[in-house]
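Turn this into a structure:
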Amino acid sequence: MESRSQGAITKESHPFLEDELLAATRAIREFCRWHVAPTRSVTHRAVGATPEDVWLPASEIQSIDAVTIDGVEWTPERVAAVEFDPLTGWTNLYGRRVLVKFTAGYAEVPADLVGITLELAASGLGTSLGQSREQAGTVALTLDRTAVGVDPSAPIGRRLIPYQIGRLP
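Residues are numbered from 1 along each chain as shown. Model prediction:
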């Protein structure tokens with residue numbers, strides 16, 4: 001944050017910087033509906049009254065690691081044959097009681113997400129990077145909002161759309 005703000009935002013000058021960075025990260029994850037980065041192992045459980053298609057709640061899926069459908073644990077060979085779309089979370093799995101362990105997420109946080117995180121954190125700190133309004137005489141300019149969170153119609157929300165998962169069951 002210090003280099004991005006040209007020294008205006010430091011841990012010393014803004015003691016709540018770390019809290020705002022964590023809040024911004026949470027806001028991005030909530031908006032995108034999955035953890036995004038870094039790559040990690042995830043366990044997905046679903047139980048329904050009737051069998052349904054399985055959509056994994058993530059994007060950038062690297063691998064399916066274990067599957068249990070309706071109480072039957074799949075062999076590694078059968079798990080290796082599972083089809084899935086790494087971008088949407090679609091799988092060819094179908095069942096009523098489902099447990100899927102998979103690995104998903106970006107290994108490295110994409111640069112645009114770093115920028116969005118810093119912008120949201122700066123906004124929460126009330127600094128010039130997150131400035132919401134500027135006025136000179138009778139001319140006013142509204143730039144963005146100051147609360148941490150993501151509005152889908154705001155510029156930050158529109159920039160995060162490519163990272164949202166496509167469908168939740």
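
Could you find the closest non-adjacent residue to the residue nearest the centre of the chain?
By CA atoms, centre = their mean, the chain has its centre lying nearest to residue 29, at 3.1 Å. Nearest non-adjacent residue to residue 29, counting by CB to CB, 6 or more residues apart in numbering: residue 35, 5.7 Å away. C-beta: built from backbone N, CA, C; applies to glycine.

coming back round to it: the residue nearest to the centre of the chain is in contact with residue 37, isn't it?
No: using CB atoms under 8 Å, residue 29 makes no contact with residue 37, being 9.4 Å away.

Could you list every helix and strand in contact with the host helix or strand of the residue nearest to the centre of the chain?
In the assignment (DSSP states H and E), residue 29 maps to helix 17-32. Contact partners of helix 17-32 among helices and strands, from 3 or more CB pairs under 8 Å, 6 or more residues apart in numbering; DSSP states H and E: helix 111-125, helix 155-160.

CA atoms only for the last one, dumped as PDB, please.
What follows is helix 155-160, C-alpha atoms only, in PDB (Å, rounded to 0.1, in the frame of the first residue of the first chain):
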ATOM      1  CA  PRO A 155     -16.600   0.400 -11.400                       C
ATOM      2  CA  ILE A 156     -15.000  -2.000  -8.900                       C
ATOM      3  CA  GLY A 157     -17.900  -4.400  -9.100                       C
ATOM      4  CA  ARG A 158     -17.800  -4.400 -12.800                       C
ATOM      5  CA  ARG A 159     -14.000  -5.100 -12.700                       C
ATOM      6  CA  LEU A 160     -14.700  -8.100 -10.400                       C
END
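
which residues touch it?
28, 31-32, 112-113, 116, 119-120, 144, 150-152 (CB atoms under 8 Å, 6 or more residues apart in numbering).

who wins for most neighbours among the residues you listed?
Neighbour tally across the contacts of helix 155-160 (other CB atoms under 10 Å): the maximum, 27 neighbours, falls on residue 120.

Same list (the helices and strands packed on helix 17-32) but as JSON lines, adding distance to residue 19 and mean pLDDT.
Formatted as JSON lines, the helices and strands packed on helix 17-32 follow (distance: least, CB to CB, whole Å; pLDDT from 0 to 100):
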{"stretch": "helix 111-125", "distance to residue 19": "8", "mean pLDDT": "84"}
{"stretch": "helix 155-160", "distance to residue 19": "19", "mean pLDDT": "89"}
